[in-house]
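Novice: starting from these lines, generate the structure:
(chains A and B)
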Number of protein chains: 2
Amino acid sequence: MTTYDRVIHNGMIMTVNAGFDIIHDGVVCVRDGIIVTAEARKGPICDYPACGYVDAVGGIIMPGLVNTHVHLPMSIFRGLADDLPLADWLNHHIFPAERDHIRPETVRVGTLLSCAEMMLSGATTCCDGYFHEDIVATAVAETGLRAVLAQGVIDYPAPGVPDPARNIDAASAFVRDWRDRNPRITPSVFCHSPYTCSAETLTAAKAAARNHGVLFQIHVAETRDEATACRSEHGMTPVAYLDRLGILDEQTLIIHGIWVDDDDLEILVKRKASVAHCPESAMKLATGVAPVPRMLKKGVTVGLGTDGCASNNNLDLFGEMDAAAKLHKVVQKDPTVMDARTVIRMATIDGARAIGLDRLVGSIEVGKQADLIIIDTHQPHLTPLYHPESHIVYTARGADVRHVMVSGEILVRDFRPVRIDIGDILDQVEDIARRVYGGQVVNIDENADN
Amino acid sequence: MTTYDRVIHNGMIMTVNAGFDIIHDGVVCVRDGIIVTAEARKGPICDYPACGYVDAVGGIIMPGLVNTHVHLPMSIFRGLADDLPLADWLNHHIFPAERDHIRPETVRVGTLLSCAEMMLSGATTCCDGYFHEDIVATAVAETGLRAVLAQGVIDYPAPGVPDPARNIDAASAFVRDWRDRNPRITPSVFCHSPYTCSAETLTAAKAAARNHGVLFQIHVAETRDEATACRSEHGMTPVAYLDRLGILDEQTLIIHGIWVDDDDLEILVKRKASVAHCPESAMKLATGVAPVPRMLKKGVTVGLGTDGCASNNNLDLFGEMDAAAKLHKVVQKDPTVMDARTVIRMATIDGARAIGLDRLVGSIEVGKQADLIIIDTHQPHLTPLYHPESHIVYTARGADVRHVMVSGEILVRDFRPVRIDIGDILDQVEDIARRVYGGQVVNIDENADN
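Specialist: Numbers count the residues shown, from 1 in each chain, chains lettered A, B, ... in the order given. You can find the predicted model right below:
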């Protein structure tokens, strides 16, 4: 009889495999970080000898969630400014805050804060693009999460890259530095957008990504203004413009993709580009509703993303699933679109596919990395339980995640991180927040003394 | 020096008074269930002698949330059926489930489950309409929550009222029975809708409500089909029809109010009727988006509601606040509508006003009942804290509610109910669920054995 490194038992496995199999009283056995068995328990648990057991206490064992779009360091600006016109929010709050406060040390602390929040709410993988990305990668590696990370490319002076002429060199250097450094970190290239990067920058950055064989991420068609400007400048939509530049292929991730027409969707299908759908950010900023049901019908791979904390204002993919399921129903006037299984796939296997990690993670299947989460269903809001997929999308929240595992390593046990020191991270964030706004808590009301 | 029954300290008070005052390092003193002091701490805490202290550990002290529309017993059908066309969902799942399983005992257990969920997610007051309401009221009273409760009136045989001719008698008897029975329970009358009640029933039920001086609740203009049918049958909108019948006044709560035009809004303003806005239910069922920003601009009082668990699928008003803020922004293409303070008012003082309890609850002000909740902000997703109202709407969730108090009585302490036995309630719900679906957990996938 073989001995496993770890056995997870006493729960229902939501595999998110091709058949969306649900395994009652399931057992997941892990060796060397890999899932070697996932089955209905065939005998007493002593038939599955292991160095460690994880008791799912009757809950749901599911793949760790995949956040396909985030800006990790921006968590230090969570809730700094809301309910403002987009240009005002960006130009008078976010850009100045980034200019004044984004430093290697704040990037490090913001990344740790985001990773803490993500693991506590069930995300085991994220896809990030920002600046000082070497610092980001080092911090993510400290936390144990899996990530696709990219140094940002933009034709303006940026944190750590004051000379835009060096932006692609910096992005390439990051890819080279992190290519084989940590099995949980996959480097990538992130061009900010077609309106902040010239055609030359876009094509050179994509060439670098192709040269390295890595994912190319880019914000595309987020706002109506962007789409209108692209049409007047280039005579075509942002997606068509990128296609004309030869940017789009199966290793391209279109972030947002809100202002896209049917011809754009055909291009995405033909080029096999994927989409990161961030419904809560788009709702809060009022940028629009991406035509995700049509994308899915045409066969575009769509993953879910939270976007950065400044625009969401959290990194809870459970909330994002709920919003995605409900938003498209009411907008399409059809309660059957974006059913629970479709949404769960977007938050797991389809998200993994969108960022090129679907052979490693995104489902509970033999041979994949043991990136798992366990949902504690023994709570009023998760009782009764008729259909597990319904609860995951419509009822569960990040706070219901009891255990989290990446490559078989337990990162969260009984709702508490085991590798990182939350108290220390929060103290550091509060120090930064005092500098950002002259005090951790900002009294925005003149009468606050009552 | 006077002694208080209880003093809440070491937190920031979000008063939700007329000026939305925020009091840093605040102290709330309670005597006989009433708030007698709410101020910035003026000296050491021993200057506020009390029989008991509640330490807010640096969090946010705010009014308990008000859920203006719920069907408490329906929590036993949570997640029973989703992602279906509305008529299919109602006729083939919800109505048969109600017919087969709504009994006094299931009503009792479902109500206890809903109350447990509500108090754990920060709601201290709810407004319910259902059947076997005497059982509902008895169960709510057991839990200690505050509620406006109504026996349902409908022109069909209903649970507990097989003869529709007796529906108004039953509703009136409930009001009489509960008028002065429990200070936390306020009886009301609930007519299901203008399409399930005749003109005679509607006017007689409203007359009974007026006679008793209580709130009259009614589902109105929830679906486009309802509005279309009303127009063809009565030649006018549902709101205009109710107005013609003389139903609308300041003690009328319009539930949903989605398919209303500007003339309808003028009627609501003129009659001073209020609206219960249930965005998540309307999104999930794809019934539409109520024109809440226009209602608010015209001066209609709008409260937030979760609707029953069968259509939401939870009773978390924090999620409802987030959805309300974001949905209207993206639909109106304007990120400035439904700002955080407006949404918090809807979930507290405006909700209280909508159901006639604003003189008692809905804000932290001297003379009001001590219905308070304390949010634990020392968590990654609530850090940093620049603007408390931002966190309450966009980031916090029910699970962040540490303490809950109604009339100065602690119902939840350190995330755990102190008066009710959660384990016992969950066990009873699971027994019912097994009967509802032949097993607590339903395997809806044929391949589930993998």
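
Novice: show me where chain A dips below the pLDDT cut-off.
Specialist: A:1, A:438-450 (pLDDT under 70).

Novice: list the contacts of the residue most central in space within it.
Specialist: Centroid-nearest residue in chain A, with Cα atoms, centre = their mean: residue A:67, separated by 1.6 Å. Residues near residue A:67 by Cβ atoms under 8 Å, 6 or more residues apart in numbering or on different chains: A:118, A:123, A:125-127, A:304-306, A:315, A:317, A:351. In short, each C-beta sits where N, CA and C put it, glycine included.

Novice: cool, residue A:175 as well?
Specialist: By Cβ under 8 Å, 6+ apart, the contact set of residue A:175 is A:151, A:187-189, A:208-209, A:212, A:214.

Novice: of these, which belong to helices?
Specialist: Judged by DSSP state H, the subset of these located in helices is A:208-209, A:212.

Novice: those residues: which ones sit near chain B?
Specialist: Among those, no residue sits close to chain B (Cβ under 8 Å from any Cβ of the partner chain).

Novice: drop anything exposed from those.
Specialist: Among the ones in helices among the contacts of residue A:175, the ones that count as buried by 16 or more other Cβ atoms under 10 Å in any protein chain shown are A:208-209, A:212.

Novice: point out the residues in the stretch 201-350 of chain A that sit beside chain B.
Specialist: Residues of the stretch 201-350 of chain A lying close to chain B (Cβ under 8 Å from any Cβ) are A:280, A:282-289, A:312-316, A:319, A:322-323, A:325-327, A:329-330, A:332-336, A:338-340.

Novice: from those, which would you call buried?
Specialist: So, by 16+ other Cβ under 10 Å, the buried ones in those are A:280, A:282-289, A:312-316, A:319, A:322-323, A:325-327, A:329-330, A:332, A:335-336, A:338-340.

Novice: hmm, residue A:142 is touching residue A:424, no?
Specialist: No - using Cβ atoms under 8 Å, residue A:142 is not in contact with residue A:424, being 11.8 Å away.

Novice: between the two, who's got more neighbours?
Specialist: Neighbour tally, residue A:142 and residue A:424, criterion other Cβ atoms under 10 Å in any protein chain shown: the higher count belongs to residue A:142, 14 against 11.

Novice: can you give me the strands for the stretch 201-350 of chain A?
Specialist: For the stretch 201-350 of chain A, strands defined by DSSP state E, counting those that start in this stretch occupy the ranges A:216-220, A:252-256, A:274-277, A:302-304.

Novice: I meant to write the stretch 51-200 of chain A there.
Specialist: Under the criterion DSSP E, counting those that start in this stretch, strands of the stretch 51-200 of chain A are mapped to A:53-55, A:60-63, A:65-70, A:123-130, A:146-153, A:185-191.

Novice: buried stuff in the shortest one?
Specialist: Buried positions in strand A:53-55, judged by neighbour count with 16+ other Cβ under 10 Å: residue A:54.

Novice: that one packs against which elements?
Specialist: strand A:6-14 (3 or more Cβ pairs under 8 Å, 6 or more residues apart in numbering or on different chains; DSSP states H and E).

Novice: switch the cut-off to 10 Å
Specialist: strand A:6-14, strand A:372-375, strand A:401-406 (3 or more Cβ pairs under 10 Å, 6 or more residues apart in numbering or on different chains; DSSP states H and E).

Novice: could you do the second one as well?
Specialist: Using 3+ Cβ pairs under 10 Å, 6+ apart as the contact criterion, the neighbours of strand A:60-63 among helices and strands are strand A:6-14, strand A:22-31, helix A:340-347, helix A:349-354, strand A:372-375, helix A:388-394, strand A:401-406.

Novice: try 6 Å
Specialist: strand A:6-14, strand A:372-375 (3 or more Cβ pairs under 6 Å, 6 or more residues apart in numbering or on different chains; DSSP states H and E).

Novice: partner strands of the first one, parallel or antiparallel?
Specialist: Each strand paired with strand A:6-14, and its direction, by DSSP bridges: strand A:22-31 (antiparallel), strand A:53-55 (parallel), strand A:60-63 (parallel).

Novice: give the contact list for the residue of the stretch 151-300 of chain A found nearest chain B.
Specialist: Nearest to chain B in the stretch 151-300 of chain A, going by Cβ to the nearest Cβ, is residue A:283, at a distance of 3.6 Å. Shown in contact with residue A:283 (Cβ atoms under 6 Å, 6 or more residues apart in numbering or on different chains): B:326, B:329-330.
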